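Colleague: after the sequence you'll find the predicted model.
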Amino acid sequence: YTNEPTGGTVTLGFNVPQTGPYAEEGNDELLAQQLAVEHLNGEGDGGCLNTFTSKALKGNGILGKKVEFVTGDTQTKSDAARASAKSMIEKDGAIMINGGSSSGVAVAVQGLCQEAGVIFMAGLTHANDTTGKDKKANGFRHFFNAYMSGAALAPVLAKEMGTDRRAYHLTADYNWGWTQEESIVASTEAMGWETVNTVKTPLASTDFSSYIAPVLNSGADVLVLNHYGGNMVNSLTNAIQFGLLDKVVNGKDFKIVVPLYSELMAAGAGENIKGVLGSMNWNWQLQDEGTKAFVKSFGEKYGKPPSNSAQTCYAQVLLYADACERAGTFNPCGVVEALEGFEFDGLGNGPTLYRADDHQCFKDVLVVRGNMNPTNAYDTLEIVEITPRAQVEYAPDHPMFAGGDLGKCNPGA
Amino acid sequence: MGILEVKDVGKRFGGLQALSNVNLSVKENTVHAIIGPNGAGKSTLLNCLVGKLIPDTGSVMFDGQSVLGRAPYEINQMGISRVFQTPEIFGELTVMENMLIPIFAMRDGAFRMHAYETVENEREVIEQAEQMLEEMGMADKRHMHSASLSRGDKRRLEIAMCLSQKPRLLLLDEPTAGMARADTNNTIDLLKQISDERDITIAIIEHDMHVVFSLADRITVLAQGTPLVEDEPQNIRGNPKVREAYLGETA
Amino acid sequence: MLGLNKKDTSLLIIVALLTLLAPFILNPFPADSAMAQFNAGYPDLMQRFVIFGIFAIGFNILFGLTGYLSFGHAAFLGIGSYSAVWMFKLLSYNVIPAIALSIVIAGLFSLLIGYVSLRRSGIYFSILTLAFAQMSFALAYSVLSNPKFNLTNGETGLQVYADDPQIFHREGLPDLPHLFGLSMRSTYTLDVGAWSFDFNAGYYLCAVVMMIVFYLAIRIFRSPFGIMLRAVKSNQQRMNYTGLNSRPYTLAAFVISGMYAGLAGGLMAAMDPLAGAERMQWTASGEVVLMTILGGTGTLIGPVLGAGFIKYFENIFSKINDSVLHGWFAFLPDGMEDFVVAVLHPFVGKGWHLTLGILFMLVVIFLPGGLVEGGQRLINWIRGKRSGETDKPSGKTEPAE
Amino acid sequence: MNVKPDFSKNANVAQTAPAFLSVWDMHSYYGESYIVQGISFNVHEGEILALLGRNGAGKTSTLRSIARTGSPEVRHGEIWLDHQPLHNMTSYQAAAAGLGLVPEDRRIIPGLTVEENLQLAQIAPPIGWSLDRLYELFPRLGERRKQEGVTLSGGEQQMLAIARALARDIKVLLLDEPYEGLAPVIVDEIEKTLIHIKEQGMTTIIVEQNAVRALELADRAVILDTGGIVFDGTAAEVLENEELRAEYLAI
Amino acid sequence: MDAILLQILNGLDKGSAYALIALGLTLIFGTLGVVNFAHGALFMIGAFCAVTLQKIFSLSYEVIDETQTDFLGNPLKVKTPYVESWFGPELGAVIIDWSVPLAILFAIPIMLGVGYAMERGLIKHFYKRPHADQILVTFGLAIVLQEIVKYFFGANPIQTPPPAALSGSVDLGVALGFDPNAIIYPIWRLVYFLFAVVIIGGVFSFLQFTTFGMVVRAGMADRETVGLLGINIDRRFTIMFGIAAAVAGLAGVMYGPLNPPNYHMGMDFLVLSFVVVVVGGMGSLPGAVLAGFLLGILESFASTTWATTTIPGINQIIIYLVAIIVLLTRPRGLMGRKGVMEE
Ligand SMILES: Nc1ncnc2c1ncn2[C@@H]1O[C@H](COP(=O)(O)OP(=O)(O)OP(=O)(O)O)[C@@H](O)[C@H]1O
Ligand SMILES: Nc1ncnc2c1ncn2[C@@H]1O[C@H](COP(=O)(O)OP(=O)(O)OP(=O)(O)O)[C@@H](O)[C@H]1O
Ligand SMILES: CC(C)C[C@H](N)C(=O)O
Ligand SMILES: [Mg+2]
Ligand SMILES: [Mg+2]
């Protein structure tokens, strides 16, 4: 199979955005991946190796081989990401690619790994397509997706804001935005909300005032921002500037929802995030053993708590290593077999299943809110609810995920 | 009927009537000089002939066809070449390359791709260019970048480029300005020779009376946008109106 | 040879040798030495060198010869890629129809965009081409990928799915782009002692194509048409009064360079069957401009060098991380090692942009003629001559005051 | 022209009478081409010097070197104007020191009207003739004051270039082919002006292809050939010396 | 009606940003003829002047508070800004609150200095070089500046809120006789618009009512001749460059509160600002300003639901579409001067 490790080491490829708007996100991911490698090689305090329910990993590398890694810059562009993944595979002999901070990139790299016969452990990718229309046998996603965000948020929104709300969506005009909008609209309408309008905003927008201004006039009383990264920071800042949160419409306090949150965005949005609801894959404030172990070793090493994208990348590296150990081989087909249907716990997300049908992880989803009274710089978000896994599950042939074909695992040459 | 017939041409620039009621007829194979005070409209008239300007009124016929409304390159293809008052050459090309372009234009028309041929194989064109440079006494400068020629040389190059097209009508706007006396004389000889040997009609604007009187078969004096007189050279020289408006005591 | 003079023939031969032997030349360091980081001889990067070389050669035909600075050429590259992937989706994975179509479609688009944009010159022309390309990008990124009419598959990028028609696809043919069965991915690895060299089918296809188009570019440069293009750059007024219509010349150059871009886009899809919208963004158009200037505008080999330079940095420098640095300087005493790593840290890995930016500035300040001038100076210096002007027009290439 | 400069030769010009403007062993280059090859001459206050020579002899280059334009670059030599070392100055400092150049291709500034072109000359001190006085000298310019300078006729542009130099209070006037493109009457006018300002103490260097005219006006003459001085003497001497005239001036 | 007014208002503030950036750019690009790809970076540096001043004001000393804990469970370090301890908590808080407007004063000398250094150190040598070389060198510089800022401030956006008194929004609709909530408008955006008007007015009067503008224009057309007329054109170019940098920087300082600055905000605006300048017409200051406002307003209208449902995707392409139409119908943009960068 491709890049079978022959010496005493095995090489993993960490492909994250190091330049461009998501550089900070990518940097955090890289730190977590490096930490994972340390733990796999038995250095440091072992982190989640101690809490992981699977005990296959011994802290002596993977299958006795010392773990090394190479890094690459995706620039958050599919082309660049594929180029750097290819170079890691072709030049450095990487046997697994981990990372990515966007669905377009993840899908592109996932396709590449399928063709090249290596395993792809997706990092931050939230679009439904990654494990829907574009799913691949060699690709795995630990992160949650837009559908799950909707399913987790809807009940909390109903509880906090009532069931007769009128929502106005601003959506980044590209694939991920659309799937998220579709998911949120479906789940909120299911509980009785009305969708007043859905407006697409160009990805390149840096100022959203002309999209925000008409919101108050539309009769909507909730604004849903299907934005991420810089888009989200700016649209939220603009919405606050226009004083939306101070308004009363239809006799109700106006609310803003950001379905997909991240700590780094929260930091960028500063004060503006206070009280705004959203969902996350994970948060460092969780109190389970896995989370505590990870936060402790990350925090001690880097002096700040990890972000949820860091956690997903960390977990993915351990999951991959563990699968190799359990399969007894690096052969991608063995790894795929070991990961499909794998149930585990202890990595911070509660009991989790890697579903065989689409290689999507199913686990609890967090609903969070911008903290009204943060006590320190990292305390920007508070956990409102841990939505149980059962509530966010869906059938593999759910229409939002229809089409596409996992295909067969490809071990490559 | 002359080869060039200008009828009632007028041209305004804003508040200034630069040309009015200009009538001019240039006979085939003659040298026709246009003289007149500065700002009389001589260059403007030339611009109207080559399509750089479109006159407001009147008509311009070349060899029985109207030139008005045609693009400059079409007019050139009809057989009119022009030398400008300030030299217009291809500064970034070598002297030799400058010479090739008009010859290609004459041979191949306004546009032809030849993207796959090599210039080196165009022996005939190169020879023609070399011969022309030889005649102009510029053969030793053929590899120089034309931008670094001295100004007199630039003007000679431009004349050579126009001549190499074997035009039927050659328009010269002060061709010998800034040229050394020796070269001026050479140029006069050259122009004389070509107007005699090759069927070239020449219209020339000049302030150098030596040149005008050595070359011209007929002279038109333009003043304030209208022809003052048109006559044989010897009559012009003695014309008191011309002396007063233009020539001064020196002529 | 081939209708070229001696100098051009030797240039062509040098380029041919360099491309054919690239797997050796680009992998000078033993595979597991510390310097292996600098090896660039793996298929993907070699393909990229050559493909972007083609793109830049074509761009230079327009910009280097006529002086018209298009800021939207990436659009044609993108269109080429989309056409090729559509061919894969509809017909089969064979690269020949895909590449052919990408050239044709890019040619048609450039005819259209060129016809309109060339009504203006100078900066106005540049902004027109930029506007067209940015519109194409926006359309491809979102508008043309809506579920009802999905032509580009948006952010994800256009790719081949199992349920695509692929009417000529047969059992036994690779499920990847191939040339009559020879997969573009197939690579033969030659191990010689500690060294390892990759010979990749896709790369050699690209290399052969590049040699052909490089040869064509030489012919164009040396042709009467080439002189006319340079005349356009030099003095359009004189050109018009010499009986030449400059418009068809510039349009022809525009279309030729658009077709080169389409070819590059087609090859890109042939090496890696995915077409993303980002390759049409202004930054991509800007990149080819930078490649051309960096290498040496208006020179034959310059654009190829510029393309290689930028792609090398993007792919090699960006991968040097701190642990690699520590590996290199492990021989130093600990404190020294950390210090050196700390000093270098901002310039490598995620700091590769910084290094690239600095190099852009250094090259353009000290080598006004681009890398080609650097090469000439080196040769002159080796020959023991004084540096500087050789056969260049003076005044134009004088170093900054 | 790639001759190795020999800085020692020509350095023996007698520095007898205290010259107003003196050029001493000046060597200038365009890039690597060696153009002005070590020339030395003196001009006395109130004198008119004719600088003559064939096309490409280096006349323009000499004037531009003196005016410190930077192209050609003076790599060796000294230039003194009224005890000030011009060779240490840039062009604007030389202009402030009292140098005024009328360049050969007129260099009217595009985008500026006639009047703005003149005003531009009066921004930096010292200021010379008033605009009114200039319009009196060249009524044509007064009529056209609101027109864009570059759309003037060739001769009008020449007038503007001369007027622009006079608009500054200069000590030395450098004229590069000032009569070019001017109607004979105007040439007479300008000649009179030159004599007039000479009487008021202006020092002038004039480069002119119409050598006889220039010599009749000038007190002294310097003849250049391929970047070196071949004659330095009184104007009358040149007019008398058949051989010299024939060889370098073709008159 | 109110919807139209609202979009015009929105267009005005977007337009103010475009106009200000384009104004600075056109001084360098349209007037000095330098294709300055580092202009966006100047804008960004301006914004980071505000960030820096805010950081300086917030420089703090740490006191360990045993009663609270940080995220790892260690005792929390409580920070108190020096400003607050020097000037008292109240005045200190006000100073921090007003750091963005104060940053204007801070940014002017810095931007003039940056402009000066950039012109003297680099651009000076590139006036006579081909535009392509200018692009390469300024693009390189932009990358370098951007990376330096990223190195010190990270890639994440940094909030630079307006002073409390100027944050929030006002209901303009009520004042104009519309329903409440019809025209809500953030105060800072009004401030930004006024600021833009003042700066534009200032630059115009400086260039229009003095000979400075004419001299620089002349110098661009023909440096040598202007030098021969005794004018030290280099110095004027430097001043011009400094002004342009300052205008760009101030546009950046004031932009911070609208959208939090990040290191690549300059690149986001770069292409757009070139489009604005060219649509306005090369060499025309009023053109650049007019085009800035025009494109801002059109973009605003194109993003209304009405527009996007009528022509899908119009908000994505409006600027480029308008640019194409303008350039095809008016050869030199809206008010371009002849001969500036036409070949
Ligand atoms: N584009 C223009 N706009 C306004 N006036 C113009 C324009 N072009 C020429 N003129 C004016 O028209 C008149 C005629 O100019 P023209 O160049 O034809 O003169 P000319 O006879 O060639 O003079 P000269 O012998 O000095 O070259 C001049 O007064 C000139 O100022
Ligand atoms: N920019 C330049 N670069 C290189 N060489 C130049 C440049 N300008 C002029 N030369 C060369 O310098 C020499 C002297 O030129 P210059 O212009 O001084 O001559 P001139 O005596 O003024 O001639 P003319 O009477 O034709 O104006 C010529 O051989 C010319 O080719
Ligand atoms: C998660 C974010 C980085 C948004 C991204 N574009 C996605 O598709 O997932
Ligand atoms: Mg004239
Ligand atoms: Mg001269």
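Modeller: Everything's here; your move. Residues are numbered from 1 along each chain as shown, chains lettered A, B, ... in the order given. Ligands and ions are numbered 1, 2, ... in the order given.
Colleague: what segments of chain D are strands?
Modeller: Secondary structure of chain D (DSSP state E): strands at D:21-30, D:33-43, D:48-52, D:73-81, D:84-85, D:99-102, D:172-176, D:203-207, D:220-225, D:228-234.
Colleague: can the second one be found next to ligand 5?
Modeller: Looking back up the chat, that one is strand D:33-43. No: Strand D:33-43 does not reach ligand 5 (Cβ under 5 Å from the ion); its nearest approach is 11.4 Å. Just so you know, the C-beta spots here come from the backbone N, C-alpha and C atoms, and that holds for glycine as well.
Colleague: follow-up on the earlier one: so which of the strands of chain D comes closest to A:Leu31?
Modeller: strand D:73-81 (56.5 Å; Cβ to Cβ).
Colleague: buried ones in the longest helix along chain C?
Modeller: Taking DSSP state H as the criterion, chain C has its longest helix at helix C:246-271. For helix C:246-271, the neighbour count (16 or more other Cβ atoms under 10 Å in any protein chain shown) marks C:246-247, C:249-271 as buried.
Colleague: other SSEs contacting it?
Modeller: helix C:43-60, helix C:74-90, helix C:95-117, helix C:201-222, helix C:224-234, helix C:236-241, strand C:274-275 (3 or more Cβ pairs under 8 Å, 6 or more residues apart in numbering or on different chains; DSSP states H and E).
Colleague: could the strands of chain D go into JSON lines alongside mean neighbour count and distance to C:Leu18?
Modeller: Putting the strands of chain D into JSON lines (neighbours: other Cβ atoms under 10 Å in any protein chain shown; distance: least, Cβ to Cβ, whole Å) gives the following:
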{"stretch": "strand D:21-30", "mean neighbour count": "22", "distance to C:Leu18": "37"}
{"stretch": "strand D:33-43", "mean neighbour count": "22", "distance to C:Leu18": "35"}
{"stretch": "strand D:48-52", "mean neighbour count": "26", "distance to C:Leu18": "55"}
{"stretch": "strand D:73-81", "mean neighbour count": "18", "distance to C:Leu18": "39"}
{"stretch": "strand D:84-85", "mean neighbour count": "14", "distance to C:Leu18": "55"}
{"stretch": "strand D:99-102", "mean neighbour count": "27", "distance to C:Leu18": "52"}
{"stretch": "strand D:172-176", "mean neighbour count": "25", "distance to C:Leu18": "51"}
{"stretch": "strand D:203-207", "mean neighbour count": "25", "distance to C:Leu18": "53"}
{"stretch": "strand D:220-225", "mean neighbour count": "23", "distance to C:Leu18": "50"}
{"stretch": "strand D:228-234", "mean neighbour count": "16", "distance to C:Leu18": "49"}
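Colleague: in JSON lines: those, plus mean pLDDT.
Modeller: Below are these laid out as JSON lines (pLDDT from 0 to 100):
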{"stretch": "strand D:21-30", "mean pLDDT": "93"}
{"stretch": "strand D:33-43", "mean pLDDT": "92"}
{"stretch": "strand D:48-52", "mean pLDDT": "94"}
{"stretch": "strand D:73-81", "mean pLDDT": "92"}
{"stretch": "strand D:84-85", "mean pLDDT": "90"}
{"stretch": "strand D:99-102", "mean pLDDT": "94"}
{"stretch": "strand D:172-176", "mean pLDDT": "94"}
{"stretch": "strand D:203-207", "mean pLDDT": "94"}
{"stretch": "strand D:220-225", "mean pLDDT": "93"}
{"stretch": "strand D:228-234", "mean pLDDT": "92"}
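Colleague: need these in JSON lines with distance to ligand 2, can you?
Modeller: Formatted as JSON lines, the strands of chain D follow (distance: least, Cβ to the nearest ligand atom, whole Å):
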{"stretch": "strand D:21-30", "distance to ligand 2": "3"}
{"stretch": "strand D:33-43", "distance to ligand 2": "4"}
{"stretch": "strand D:48-52", "distance to ligand 2": "9"}
{"stretch": "strand D:73-81", "distance to ligand 2": "11"}
{"stretch": "strand D:84-85", "distance to ligand 2": "23"}
{"stretch": "strand D:99-102", "distance to ligand 2": "13"}
{"stretch": "strand D:172-176", "distance to ligand 2": "7"}
{"stretch": "strand D:203-207", "distance to ligand 2": "7"}
{"stretch": "strand D:220-225", "distance to ligand 2": "7"}
{"stretch": "strand D:228-234", "distance to ligand 2": "12"}
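Colleague: can I get the ones you listed in JSON lines with distance to chain C?
Modeller: Below are those laid out as JSON lines (distance: least, Cβ to the nearest Cβ, whole Å):
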{"stretch": "strand D:21-30", "distance to chain C": "5"}
{"stretch": "strand D:33-43", "distance to chain C": "6"}
{"stretch": "strand D:48-52", "distance to chain C": "23"}
{"stretch": "strand D:73-81", "distance to chain C": "9"}
{"stretch": "strand D:84-85", "distance to chain C": "21"}
{"stretch": "strand D:99-102", "distance to chain C": "19"}
{"stretch": "strand D:172-176", "distance to chain C": "19"}
{"stretch": "strand D:203-207", "distance to chain C": "21"}
{"stretch": "strand D:220-225", "distance to chain C": "21"}
{"stretch": "strand D:228-234", "distance to chain C": "20"}
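Colleague: what about the closest residue to ligand 4 within chain B, which SS state?
Modeller: Using Cβ to the ion, B:Ser43 is the residue of chain B that sits closest to ligand 4, at 3.1 Å. Using DSSP: H, G, I helix; E, B strand; the rest coil, the structure places B:Ser43 in helix.
Colleague: any idea how far it is from B:Ile200?
Modeller: 21 Å (Cβ to Cβ, to the nearest Å).
Colleague: what of C:Arg48?
Modeller: In this view, C:Arg48 and B:Ile200 are 58 Å apart by Cβ to Cβ.
Colleague: show me the one of the helices and strands packed on helix C:246-271 that comes nearest chain A.
Modeller: Closest approach to chain A among the helices and strands packed on helix C:246-271 (Cβ to the nearest Cβ): helix C:43-60, 3.8 Å.
Colleague: quick one, the closest one and helix C:246-271 angle?
Modeller: 170 degrees (axes from the mean of the first three to the mean of the last three Cα atoms, to 10 degrees).
Colleague: and the helices in chain B?
Modeller: Under DSSP H, chain B gives helices at B:42-50, B:72-78, B:95-108, B:123-135, B:151-164, B:181-197, B:209-215, B:233-238, B:240-242.
Colleague: tell me what the first one is packed against?
Modeller: Helix B:42-50 sits against strand B:4-13, strand B:16-26, strand B:31-35, strand B:57-62, helix B:72-78, strand B:80-83, strand B:169-173, strand B:201-205, with contacts defined as 3+ Cβ pairs under 8 Å, 6+ apart.
Colleague: and with 7 Å instead?
Modeller: strand B:4-13, strand B:16-26, strand B:80-83, strand B:169-173, strand B:201-205 (3 or more Cβ pairs under 7 Å, 6 or more residues apart in numbering or on different chains; DSSP states H and E).
Colleague: could you do the second one as well?
Modeller: Applying 3+ Cβ pairs under 7 Å, 6+ apart, one finds that helix B:72-78 contacts helix C:236-241.
Colleague: so what touches the helix it packs on?
Modeller: Residues outside helix C:236-241 that contact it (Cβ atoms under 7 Å, 6 or more residues apart in numbering or on different chains) are B:50, B:72-73, B:76, B:82, B:88-90, C:231-232, C:246.
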